[in-house]
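J.: Any chance you could fold what I've pasted below:
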Amino acid sequence: MSMLTPMFHSRWLAALAFPLVLGSCKAEDANKTAMETSKDAPAQPTGKVEKTDAEWKKILTPEQYRILRQAGTERPNSEVYEQFKKQGGGTYYCAGCGAELFTSKEKFDSHCGWPSFYDPSKAKNVIARDDYSGGMVRTEVLCAKCGGHLGHVFKGEGFDTPTDQRYCINGMALKFVPAEAKAEEKPAKDK
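T.: Okay, the predicted model is just below:
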């Protein structure tokens, strides 16, 4: 019986520690599910942004890397989608290279579970190409500056928008700069 006592105590300690470990994982995961937000607009890339995988892994979170560099998709109706729905006016940039992609003027709620826009704000920074993955034909949306996977665009779904397009974009692939932050910068530039 004395042999069982240490084993019992080990299991008891493990049972107590498990919720603490699980809680710390959940806190860490929460940081991975929020859209990056900044008060400052990033510098716009003037040409192609090329980096090695190791360099991308240094500047992106694991989830951003999975989405932008490996064409991953975040789960629908996630925390980042809820965050997106609550954001006011502002601009959305590529989380990888900082290229301007969309603004809140093109944003709409398609109720699809992912951030939606009806058109890019800077068309030259967004490219589309045929995507045959997943056993279907879709149109993939990429950042023209760094080649990062942003999501897909769908046409003709009947949305009451000027283009009848839905750019279904992974929120983790975006960096949001609120309009108030950009407005604060303008007077400083004028001086």
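J.: From residue 71, how far out is residue 136?
T.: 14 Å (C-beta to C-beta, to the nearest Å). (Each C-beta comes from the backbone N, C-alpha and C, glycine too.)
J.: which of those two has more neighbours?
T.: residue 71 (16 against 7; other C-beta atoms under 10 Å).
J.: Grab the most central residue of the chain for me.
T.: residue 172 (1.3 Å; C-alpha atoms, centre = their mean).
J.: For that residue, which residues are in contact?
T.: 32, 33, 35, 61, 63, 64, 67, 74, 80, 95 (C-beta atoms under 8 Å, 6 or more residues apart in numbering).
J.: And those, which is closest to residue 140?
T.: residue 67 (12.2 Å; C-beta to C-beta).
J.: That closest one in helix, strand or coil?
T.: In three-state terms, and counting by DSSP: H, G, I helix; E, B strand; the rest coil, residue 67 is helix.
J.: Tell me if I'm right that it and residue 174 touch.
T.: No. Here residue 67 does not reach residue 174: they are 10.0 Å apart, not a contact under C-beta atoms under 8 Å.
J.: still on that earlier bit, out of the contacts of residue 172, list just those in helices.
T.: The members of these that map onto helices under DSSP state H are 32, 63, 64, 67, 80.
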